[in-house]
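Student: quick one: sequence and predicted model below, then my questions.
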Amino acid sequence: QVQLVESGGGLVQAGDSLRLSCAASGRTFSTLIMGWFRQAPGQEREFVARISGGGETTATADSVKGRFTISRDNAKKTVYLQMNSLEPEDTAVYYCVASSGGWSSSARNYPYWGQGTQVTVSS
């Protein structure tokens, strides 16, 4: 089992930055593919970014490319999402996810989910 706890969400203005953190416990963290999804009101969950176990490979959704960066610290068992130049369209609940296999942007690939953290961007 893997437990995930997100933090760092909040209310910011357009153009501001936020860094989300996700602390993991349970299975060996460095073997897990970690990622972030988000869900806006009335919308389906959307892939945001993922990172390989060693951190050498990442993938980012086109909608946030160049603004959001995913990283991880395996010693701290933590994954981060640095969000810059935030836009009102980025308003959503952000979920940290984990998978033991499968390099995919599909939510079905990730059996472990955090409780989510709210990010609200005002214009």
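Tutor: Happy to help now that I have it. All figures in this text were calculated on a predicted structure; none of them were measured in a lab. Numbering: from 1, shown residues only.
Student: any idea how far the residue most central in space within the chain lies from residue 123?
Tutor: Taking CA atoms, centre = their mean, the centroid of the chain lies closest to residue 36, which sits 2.4 Å from it. Using CB to CB, to the nearest Å, residue 36 is found at 23 Å from residue 123. (C-beta placed from N, C-alpha, C; glycine too.)
Student: picking that back up, beta partners for the residue nearest to the centre of the chain?
Tutor: residue 49, residue 96 (DSSP bridges).
Student: and it, what does it touch?
Tutor: Residues in contact with residue 36, defined by CB atoms under 8 Å, 6 or more residues apart in numbering, are 20, 22, 48, 49, 50, 70, 79, 81, 94, 95, 96, 97.
Student: what's the answer for residue 33, then?
Tutor: 50, 51, 52, 53, 98, 99, 100, 101, 102, 103.
Student: and those residues, which of them are buried?
Tutor: Using 16 or more other CB atoms under 10 Å as the burial test, these include 50, 51, 53, 98, 99 as buried.
Student: run through who's touching stretch 106-123.
Tutor: 1-14, 16, 18, 20, 22, 35, 37-39, 45, 47, 83, 86-99, 102.
Student: from one end of that stretch to the other, what's the distance?
Tutor: Distance between the boundary residues of stretch 106-123 (CA to CA, to the nearest Å) amounts to 30 Å.
Student: so for that stretch, what gets flagged as buried?
Tutor: By neighbour count on 16+ other CB under 10 Å, the buried set for stretch 106-123 is 107, 109, 110, 112, 113, 114, 116, 117, 119, 121.
Student: for that stretch, the distance to its chain's centre please.
Tutor: Computed by CA atoms, centre = their mean, to the nearest Å, the chain-centroid distance of stretch 106-123 equals 7 Å.
Student: show the average pLDDT along it.
Tutor: The average pLDDT within stretch 106-123 is 97.
Student: just stretch 9-25 next, same as before
Tutor: What stretch 9-25 shows for mean pLDDT is 98.
Student: surely residue 24 and residue 76 touch.
Tutor: No - the criterion here is CB atoms under 8 Å, and residue 24 misses it with residue 76 at 9.4 Å.
Student: what about those two, which has more around it?
Tutor: Set residue 24 next to residue 76 and count neighbours by other CB atoms under 10 Å: residue 24 wins out with 23 against 12.
Student: thank you, goodbye.
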